[in-house]
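Student: pasting the sequence and the predicted coordinates here, then a few questions.
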Amino acid sequence: MPAEIDILIQDDRWKDVGLTRLCRHAFAAVFEERGISGAGYSLSVLACDDKKIAQLNEDFRGKKKPTNVLSWPEHDLAALVAGEDPGPPPPTTGFEDSLGDIAVSFDTCAKEAADTGLTLDNHLTHLLIHGALHLLGFDHERDGDAVLMEGLETKILATLGVKDPYC
C-alpha cells in the first residue's frame, strides 16, 4: 500500500501538471529504493508559487529568496557521520505517521526546467525525490552527505527513466 499523500494546491498552474501522479510515482520509487513500505506513512505537499516559497524560505531558513523545493521532516533521521546512510524511518504505529511536509514552487520549477532543457515532469520528479529523501534523513550540507544523496537521486531517477540531473 502506498503512503498517504496530502496535496494542497495554492497556485492554479499546478492543476495542469498531473501533480498527484508525479507524487505517487516519485515517492513510490523512493520507498522502493529504501526498501520500506509506504503503508502507514503520510506526507504533505504544498504546490505554491515563488512568493509563497520565498516567504517560507525566509521564515524557516532565513533566506530572502524563492527556491525550488523545501522540506520539513517530522523526525530527525539524519546520520551523525557525513556520508553515512541515515537508515529507515521509525516503524508506523498502525496510524498514518507523518514523514513531514514538502513545498514546491511552480515559478522556480518551471524556470529551472526550461533553463536546463528538461521537461517540467522530469524536473519536478527529481525535486519530489529530493524532498522525500530529506524527509527520510538525507541532506546535502556536508560533502559526504551530498555525494550520498545525489547518488541516490540519480539511481532512483534512472529507475523512472529520467536522466541524471547532475551531468
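Tutor: Everything's here; your move. Numbers count the residues shown, from 1 in each chain.
Student: where does pLDDT dip in this protein?
Tutor: 1-2, 92-96 (pLDDT under 70).
Student: please redo it, this time with the cut-off set to 90
Tutor: In the predicted model, the chain carries pLDDT under 90 at residues 1-3, 36-41, 75-98, 141-145, 165-167.
Student: which residues in it form helices?
Tutor: Secondary structure of the chain (DSSP state H): helices at 19-34, 50-61, 106-116, 120-135, 143-159.
Student: relative to residue 84, which of the ones you listed is closest?
Tutor: Of all these, helix 143-159 sits nearest to residue 84, with 7.7 Å by Cβ to Cβ. C-beta coordinates here come from the backbone N, C-alpha and C atoms, glycine included.
Student: the most centrally placed residue in the chain and residue 80, how far apart?
Tutor: By Cα atoms, centre = their mean, the mean C-alpha position of the chain lies nearest to residue 131, the distance being 1.8 Å. Separation of residue 131 from residue 80 (Cβ to Cβ, to the nearest Å): 22 Å.
Student: about what we covered before: quick one: residues contacting the nearest residue to the residue nearest to the centre of the chain once chain neighbours are set aside.
Tutor: Once flanking residues are discounted, residue 131 sits nearest to residue 102: 3.8 Å by Cβ to Cβ, 6 or more residues apart in numbering. Counting by Cβ atoms under 8 Å, 6 or more residues apart in numbering, residue 102 touches 43-46, 69-72, 128, 131-132, 134-135.
Student: do the same with residue 163
Tutor: Neighbours of residue 163 in contact, by Cβ under 8 Å, 6+ apart: 122, 157.
Student: buried ones in stretch 139-156?
Tutor: Buried residues in stretch 139-156, counting neighbours by 16 or more other Cβ atoms under 10 Å, are found at 139, 140, 145, 148, 149, 150, 152, 153, 154, 156.
Student: show the contacting residues for residue 49.
Tutor: With Cβ under 8 Å, 6+ apart, residue 49 has these contacts: 10, 11, 13, 105, 106, 107.
Student: which of the residues you listed are buried?
Tutor: 11, 105, 106, 107.
Student: measure the third one to residue 23 for me?
Tutor: Think residue 106. Distance, residue 106 to residue 23, by Cβ to Cβ: 14 Å.
Student: also residue 110?
Tutor: 17 Å.
Student: same question, residue 157
Tutor: Counting by Cβ to Cβ, the gap from residue 157 to residue 23 is 15 Å.
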